[in-house]
Each structure stands twice: as structure tokens, then as C-alpha cells.
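In: Next come a sequence and a model predicted from it.
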Amino acid sequence: MTGKRIALEKLAPVGADVQRQLRWTGIALAASALWSLRALFRIVGKMKILKAIIDQGVSDFVEPYPQYLGSAFYGFALVSLVLAGLAVWNYASFRQGARTDYLMRRLPDRWEYHRRCLTVPLLGIAASVLVALALWAIYRAVYWHLFREAAAGVEDPMRLISLSVQAGQRGLCR
Amino acid sequence: MLELKNVKKLYGWTKALDKVDLTVGPGEIVGLFGENGAGKTTLMKAILNLVAYSGQITLDGEPVTRKNIERFSFATCEHSFFPMLTPDGHRDFYKSHFPTWRDKRFTALMDFFNLPKLRCLNSYSNGQKNQFEAILALSQGADYILMDEPFAGNDVFNREDFYKVLLGILEPGETVILSTHLLEEVENFVSRAVLIKKGAIVGDESVSDLEDRGESLMTYVKRTYGYQPDRVSRALDKLAGEENGEEGSK
């Protein structure tokens, strides 16, 4: 356990609490994931209505998948921005109270300085992008699955989406 | 052998270093003297590659790179330690990065100066911080120890003790380049005086040559800098004359 803790400490500025940085990155990513559920709720709600309408024999149209996303993934963008700021903060921390950057810049290991400043922010941004992509793919799969279910009895179901696109292009509101 | 050839550094239009040629051999204790802004700090930073420069700086014929940078240590009055770390934490950090770390010397100097080992550096007094900065530079195991005003803020007894300890612990191959304003204090400590003015080397003498000539370090520095000993009395006479003139006109 001690070995793991020491290894983690080498990934952040000396004296910084790397566990706290990682914990807050995790919390921010979880919050972003929760916020993104808005898109999923919109998709599920719409598909339920669509199914009910189609079951009654009435035709309706459905917006293409991207239009359900709205601001659902803004959380991940915000987390990435904050993590970029953390990288700047990490570099600045080597100038707070002393010019420790002089020492870091003359270490035989040229990567030590950058490793300590950039690892957590870059890992966080990579995790943010990966989680966002994974959720985007999952919501997209849910969209198509529910759409196929709702439009099961409809001849040429893709027409329902293209009608929406055409309506959007004509500036028609629903 | 540390060699600087035609080293130049510009800050905007200001010449911080102007065609500096300097050679420092193993075992020398070089005092680097000059007024504020003369280029002493810039010279040290150039040697350590902390600032960009033009010209050539080599150590034993090789340019200073990551491969040989561990042969230099640096104590600066700006301090380059980790404020949130204890001395033991510093020892671990230095040990992991500098294989030549001198643990015995570190412990001996910490004990000599009676510095608290369990407190983080940010809780030290300024004098203690200076001492710790110098201890790190001396314990790194470097061949060339660069010290930039290391004792600014320390009391005179403290500084004297440090110079004595330094002379006692330095090994023949260890070289010190020390920048300071405290000429008289280091006169018996340095073996060579290098004078820098407006970025250029304007004087370079061994202390033994000065002694042979019967000239003190202070006199040599004043002479080289063109110091006018009567300028204070002239200024006072002028001021007194102006005041008398004003009184007379009343």
C-alpha cells in the first residue's frame, strides 16, 4: 500500500494532495455523467410518446439523435477546462513561496517536472473524453433501440426522422 | 573545468551578459562581485540553462545538458526548496534524483545549524531557510556549487560560522562560485575575485595576487569600479553650500 501511495505522490507537485486531486476529478466526472442523463431521459420520454401515438395509428416524426443531446455533455467540457486550469495551477505551485521551478528544471530527469504537473490533468481529460464518448455511444444505442421498438409497425420508419429534418429545414416548429 | 566563451544575454534591449569569457577550474572558490543588476544572477542561471543565452558554456568540454547538470548545485536567495516539505522529505527527493547525494554532510550540517527536522520549510525563519538552501546545495554531491546571495538576511555570526564550516567540509575537487555583496566577510574565504559590471567581466584576480600586491579585496573592487572616495564629502560640501546660499539670500 505504501508503495502505491508513494507512486501516486510522484504524479503531482511535491506537497500537493494527489489523492484529493484524483478524488475531485472522479466526483466531477460522476456529476458530468449524471448531468448527461438529461439526454437519455429526453430520448426515453420521446420514444414512449412516439410509441403511444403510433399505437393509436397516428404518424409523428422524431428528431435525429444529436438533437436530444442539448447541453448534456457540457459537464465533460467543463471538467476538461478545469483540468487544463489545474495543469497551469500545478506549474504555478512551483513558484509559490519559493522558486522550486529552478530545482525542477535542473533535475537530470527532464520529464519529472512535467510529469508532476501534467499527469493528473491529462489523465482526467482523457477519462473525461472516454466517459463522454462511452455515454454518447450508449445513449445512441438506446435511441435506436427504443426507436425501432416504437416504430415497429411503421412502414419505412426512417421517414419519421427525415420528416423531422425536413420540418427543421423549413423552419417549422412542432 | 567550467568554461564560458562569448556568453551574451539580452533582456529586451538591456545587455544582461555582454561577451562573458570565464574559466573556473576544480577546487576554486570564486567570489562573484558586482552591484545590483550587474548580471551575477543571470550568469549563474545561464550556466544552469535556466535562461536562454548565446555563446558557449561547457563543462569539461561538453555543453551543459541533462547528462551533466547533476554536477552543478544551486543555492539562491529566492530559495529553490519545497516549502511544504520537511527536511527529511527533501533528503528523499534529492536522493532519488542525485545519486551523488551526501547524506552524512546533510545530517552534520542540519545538526550544526540546529535546524528543525520535523517542520515544513514554510515554517522556518528567513535565516533558517537560507541555511537550509545552502545545506541542500552542499549536500547534493555536485562538483560545482553555485551560490547566489545565499545569506541575505542572516546575521553576521551565522554567516561567519557558515564560511568556516564551508571551508572545513569542502573537498579539493569541489568548486564554489559565490555571489555576494559582503566583500569583507568573504575576503578570507574566496580564492579568486571576479568582478562584473553591466553584464561584462571587468576584473578577475586571485586573492593571493592581491595579497602579494598588498591590496585588499575591497580596495581592488573599489579601484576596478572607479569608486570615488571623495564623492560623499563633495556631495556634503555642495549641500552645505546650497543651504548657506539660501540663508544668505534671506
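Out: Looks like it arrived, so ask away.

In: Close to chain B: what parts of chain A are there?
Out: A:14-16, A:96-103, A:105-110, A:112 (CB under 8 Å from any CB of the partner chain). All C-beta atoms are positioned from the backbone trio N, CA, C, and that covers glycine.

In: make it 7 Å
Out: By CB under 7 Å from any CB of the partner chain, the residues of chain A that approach chain B are A:14-15, A:97-100, A:102-103, A:105-110.

In: Return the subset of those lying in helices.
Out: A:100, A:102-103, A:105 (DSSP state H).

In: helix or strand for the residue of chain B found nearest chain A, which one?
Out: Among all residues of chain B, residue B:84 sits closest to chain A, at 2.9 Å; criterion: CB to the nearest CB. Assigned by DSSP states H and E, residue B:84 belongs to no helix or strand.

In: so how many other residues sit close to it?
Out: Neighbour count of residue B:84, defined by other CB atoms under 10 Å in any protein chain shown: 18.

In: what's near enough to touch the residue of chain A found nearest chain B?
Out: Across chain A, no residue is closer to chain B than residue A:15, which sits at 2.9 Å (CB to the nearest CB). Applying CB atoms under 7 Å, 6 or more residues apart in numbering or on different chains, we find residue A:15 in contact with B:82, B:84-85.

In: Name the nearest of those residues relative to residue B:201.
Out: residue B:82 (34.4 Å; CB to CB).

In: any idea how far the residue in chain A sticking out farthest from the centre is from residue B:24?
Out: The outermost residue of chain A, judged against the average C-alpha position, is residue A:57 (38.3 Å), by CA atoms, centre = their mean. From residue A:57 across to residue B:24, the span is 95 Å (CB to CB, to the nearest Å).

In: Next: residue B:132.
Out: Taking CB to CB, one finds residue B:132 at 25 Å from residue B:24.

In: and what of residue A:56?
Out: 93 Å.

In: the more surrounded of the two?
Out: residue B:24 (21 against 7).

In: Without its sequence neighbours, what residue ends up closest to residue B:31?
Out: residue B:190 (3.6 Å; CB to CB, 6 or more residues apart in numbering or on different chains).

In: tell me the contacts of the one you found?
Out: Residue B:190 touches B:29-31, B:178, B:207, counting by CB under 7 Å, 6+ apart.

In: go again using 10 Å as the cut-off
Out: Residues in contact with residue B:190, defined by CB atoms under 10 Å, 6 or more residues apart in numbering or on different chains, are B:28-33, B:163, B:176-178, B:180, B:183, B:206-207, B:217.

In: quick one: it is in a strand?
Out: No - read with DSSP: H, G, I helix; E, B strand; the rest coil, residue B:190 is coil and lies in no strand.

In: Okay, and residue A:22 sits in which element?
Out: Using DSSP H and E, residue A:22 falls in helix A:18-55.

In: Show the subsequent helix or strand relative to that helix.
Out: Per DSSP H and E, the first helix or strand lying C-terminal to helix A:18-55 is helix A:74-93.

In: Report the separation between the most centrally placed residue in chain A and residue A:63.
Out: By CA atoms, centre = their mean, chain A has its centre lying nearest to residue A:132, at 3.1 Å. From residue A:132 across to residue A:63, the span is 21 Å (CB to CB).

In: next one: residue A:101
Out: Distance from residue A:101 to residue A:63, by CB to CB: 52 Å.

In: rewinding a little: for the residue nearest to the residue nearest to the centre of chain A when sequence neighbours are not counted, the count of nearby residues, please.
Out: Using CB to CB, 6+ apart and skipping the chain neighbours, the partner closest in space to residue A:132 is residue A:76 (4.1 Å). Under the neighbour criterion other CB under 10 Å, residue A:76 is assigned a count of 25.

In: ok, the most centrally placed residue in chain B - contacts?
Out: In chain B, the centroid-proximal residue (CA atoms, centre = their mean) is residue B:179; its distance is 2.2 Å. Residue B:179 makes contacts with B:30-34, B:38, B:40-41, B:43-44, B:76-77, B:146-150, B:194, B:196, as judged by CB under 10 Å, 6+ apart.

In: for chain B, what spans make up the helices?
Out: B:40-47, B:87-97, B:103-112, B:126-139, B:156-169, B:183-186, B:207-213, B:217-225, B:231-249.

In: now the ones you listed as CSV including mean pLDDT, mean neighbour count and distance to residue A:24?
Out: Below are these laid out as CSV (pLDDT from 0 to 100; neighbours: other CB atoms under 10 Å in any protein chain shown; distance: least, CB to CB, whole Å):
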stretch, mean pLDDT, mean neighbour count, distance to residue A:24
helix B:40-47, 96, 24, 36
helix B:87-97, 95, 17, 24
helix B:103-112, 94, 15, 36
helix B:126-139, 94, 22, 31
helix B:156-169, 83, 15, 43
helix B:183-186, 82, 15, 50
helix B:207-213, 92, 13, 58
helix B:217-225, 88, 16, 56
helix B:231-249, 73, 9, 61
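
In: The ones you listed: which one's closest to residue A:36?
Out: Counting by CB to CB, residue A:36 lies closest to helix B:87-97 out of those; the figure is 41.0 Å.

In: Can you report how many residues lie near the closest residue to residue A:53 other than its chain neighbours?
Out: Among residues not flanking residue A:53 along the chain, residue A:60 sits closest, at 4.8 Å (CB to CB, 6+ apart). The tally of other residues near residue A:60 (other CB under 10 Å) stands at 18.

In: Likewise for residue B:195?
Out: Counted with other CB under 10 Å, the neighbours of residue B:195 add up to 19.

In: Tell me who's in contact with it.
Out: Neighbouring residues of residue B:195 by CB under 10 Å, 6+ apart: B:31-34, B:38, B:201-205, B:220-221, B:224-225.

In: who's it bridged to?
Out: residue B:33, residue B:203 (DSSP bridges).

In: Show the model's pLDDT score for the residue of chain A closest to chain B.
Out: On the pLDDT scale, residue A:15 is placed at 81.

In: Grab the nearest non-local neighbour of it.
Out: Per CB to CB, 6+ apart, closest to residue A:15 is residue B:84, 2.9 Å.

In: Same check on residue B:9?
Out: Nearest non-adjacent residue to residue B:9, counting by CB to CB, 6+ apart: residue B:17, 4.0 Å away.
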